[in-house]
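[1] Could you work out the structure for the sequence below:
(chains A and B)
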Amino acid sequence: MTKYKSDFLNVLETRGFIHQLSDPEGLDRQACDGTISAYIGFDCTAPSLHAGSLLPIMMLYWLQQTGHKPITLMGGGTTKVGDPSGKDETRQLLTAEKINENMDGIKQVFAKFLKFGDGDNDAIMVNNADWLDHLNYIDFLRDYGPHFTINRMMAFDSVKLRLEREQPLTFLEFNYMILQAYDFLELNRRTGCTLQMGGSDQWGNIINGMELGRRVDGAQLYALTSPLLTTSSGAKMGKTAGGAVWLDADMLSPYEYWQYWRDVEDNDVGRFLKLFTTLDMGEIARLEQLEGAEINEAKKVLANEATGLLHGDEAAKQAEETARQTFEQGGAASGLPSVEFDTGELEGGMGLLSALVTAGLFSSNSEARRAVQSGAVKVNDVQIKDFRHQLTDSDMQENAIKLSMGKKKHALLVGKQV
RNA sequence: GGAGGGGUGCCUGAGCGGUUAAAAGGGACGGGCUGUAAACCCGUUGGCUAUGCCUACGUUGGUUCGAAUCCAACUCCCUCCA
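    Numbering: from 1, shown residues only, chains lettered A, B, ... in the order given. Model prediction:
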């Protein structure tokens, strides 16, 4: 099938995870001969990871499934510096407290995909602040500075891009690649890790670490990157109307997460099934054959599988059921995002606009009013175009009012006696 | 330290005394078509107790009947020189 002998590279290859690989034969042999440890670094710039990080997480998942050891590296130290790759502007510096806070949130997610522990191929988590925070400047410069030339550093895309666009690149950021390179070396020393994976934008950084390891310790290290993931229409993964597609259930409900996968473009379905589900390739091939309206079945499978991996099968089923009731029957499913309100407000009529804002469908009355006027709003599935409309007791159905914005966004106002 | 350029709405970016809630594009959202796609077409895109009011063009003052537009100070950023 593929040119690889090892399960690990075979799986990654057939599922479309591999973009660049530094030494295919060498790594393949390593993976066949024994257990390899590989790491991926994660930023701590947000309190939760989003769908964009799912790809690297899945790589670690397959790494473990094929018998190897995943290492998740939290960028507690490097986040203090900020990766300039792919950024036009200097990132805002985060405080140490904020970084730690974010790190706590991010940790939760990994446990759902990886098995942590002390076993041979159990995953471990490390924080590069552990070694970066205590570096001695002069010692560090003397030990590792000679292995980097400015000439080469200038040639890196992340640097070149800034210079060409005449955007500032601070010395702080300029150092980022050195620190990341050092991470690789340090991890190799500490845990025997020999492979670093990451998005294609990390290629340069990873190569740096590889070379540093070779020069300093004579270690044979490997680099593997995944393709930069965009949707067929070119948009970045993981962003949606309401913001990022967070992996934390508190920041994005399983139902909304399910909807995200349900709504992917036709052209992405096959690719996403391979990348974000664990279905076997035969099943995926079958789903890929579906065309026209039938492709919706494949999308549901995608949504179920992806949601199941993250939030559990139970949550996935619920989300599917909620979606089925909402879209296919037009009913008010209980699993919709719901907000409690005081039923006393209905006496004498409750303004439609404020109800919509309360339900979280709009952020301001004006925004809600415009939407009502353009016919986007429905109350219990009946379109209302008068923004002065008042909701009353008679709108309550089974102790809730279903409010809709457009075809896809629904919310329930659930009555609460006070 | 010296010289120049610049800070406009979610983003890019026009405007350079009144007709500016601020061109244009992007993005986003809504409607139509569909399959809860894509593409395409149309609309919306500061807030409010709404034929009116308030807030907004880095900050603070000033000139003026009137300022995003002129002046001053401050501040932040960029480029070049030392």
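[2] and stretch A:269-281, is it in reach of RNA strand B?
    No: Stretch A:269-281 lies out of reach of RNA strand B by CB under 7 Å from any atom of the strand, never closer than 7.7 Å. For every residue, glycine as well, the C-beta is placed using N, CA and C.
[3] State the mean pLDDT of that stretch.
    Per-residue pLDDT over stretch A:269-281 has a mean of 92.
[4] Run through who's touching it.
    The contact list for stretch A:269-281, computed with CB atoms under 8 Å, 6 or more residues apart in numbering, reads A:14-17, A:54-55, A:58, A:61, A:229, A:261, A:264, A:284, A:287-288, A:295, A:298-299, A:301-302, A:305-306, A:309.
[5] Near RNA strand B, list only the ones from those.
    A:V264, A:I295, A:K299.
[6] Among those residues, which are located in helices?
    Counted as lying in helices by DSSP state H, out of these, are A:I295, A:K299.
[7] Please convert the ones next to RNA strand B among the contacts of stretch A:269-281 to CSV, extending it with neighbour count and pLDDT.
    Compiled in CSV, these are given as follows (neighbours: other CB atoms under 10 Å; pLDDT from 0 to 100):
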residue, neighbour count, pLDDT
A:V264, 21, 87
A:I295, 17, 91
A:K299, 21, 94
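[8] if we take the ones next to RNA strand B among the contacts of stretch A:269-281, which one ends up nearest to RNA strand B?
    Checking those against RNA strand B by CB to the nearest atom of the strand gives A:I295 as the nearest, at 4.1 Å.
[9] Just give me the longest strand of chain A.
    strand A:409-416 (DSSP state E).
[10] List the buried residues in that strand.
    For strand A:409-416, burial by neighbour count (16 or more other CB atoms under 10 Å) applies to A:K409, A:H410, A:A411, A:L412, A:L413, A:V414, A:G415.
[11] do the same with stretch A:340-350
    Quick answer for stretch A:340-350 (16+ other CB under 10 Å): A:F341, A:T343, A:E345, A:L346, A:M350.
[12] Secondary structure of the first one: a strand, I assume?
    So the one you mean is A:F341. Yes: assigned with DSSP: H, G, I helix; E, B strand; the rest coil, A:F341 falls within a strand.
[13] how far away is A:T322 from RNA strand B?
    Applying CB to the nearest atom of the strand, to the nearest Å, the value for A:T322 to RNA strand B is 9 Å.
[14] my guess is that residue contacts A:Q329, does it?
    No: between A:T322 and A:Q329 there is no contact under CB atoms under 8 Å: 10.9 Å.
[15] of the two, who's got more company?
    A:T322 (22 against 9; other CB atoms under 10 Å).
[16] Nearest residue to A:A319 in space, please, no chain neighbours.
    A:W258 (3.5 Å; CB to CB, 6 or more residues apart in numbering).
[17] pLDDT score assigned to the one you found?
    Reading off the model, A:W258 has pLDDT 92.
[18] Confirm that it lies within a helix, as I assumed.
    Yes: assessed with three-state DSSP, A:W258 lies in a helix.
[19] residues contacting it?
    Taking CB under 8 Å, 6+ apart as the criterion, A:W258 is in contact with A:A303, A:N304, A:A306, A:T307, A:A316, A:A319, A:E320, A:A323.
[20] Emit the PyMOL select command for whichever of these are buried.
    Filtering the contacts of A:W258 down to the buried ones (16+ other CB under 10 Å) takes a single PyMOL command:
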select buried, chain A and resi 303+304+306+307+316+319+320+323
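[21] Let me know the closest of the contacts of A:W258 to RNA strand B.
    Nearest member of the contacts of A:W258 to RNA strand B, counting by CB to the nearest atom of the strand, is A:A323, at 3.3 Å.
[22] Look up the pLDDT of the closest one for me, please.
    So A:A323 comes in at 90 (pLDDT).
[23] what do you get for A:E314?
    So A:E314 comes in at 94 (pLDDT).
[24] ditto for A:M1
    The model's pLDDT for A:M1 equals 50.
[25] Contact distance from RNA strand B - what residues of chain A qualify?
    A:166, A:168, A:232-233, A:235, A:240-241, A:259, A:262-266, A:292-293, A:295-296, A:299-300, A:323-324, A:327-328, A:353, A:363-367, A:369-371, A:374-376, A:405-409.
[26] Brilliant, that's me finished.
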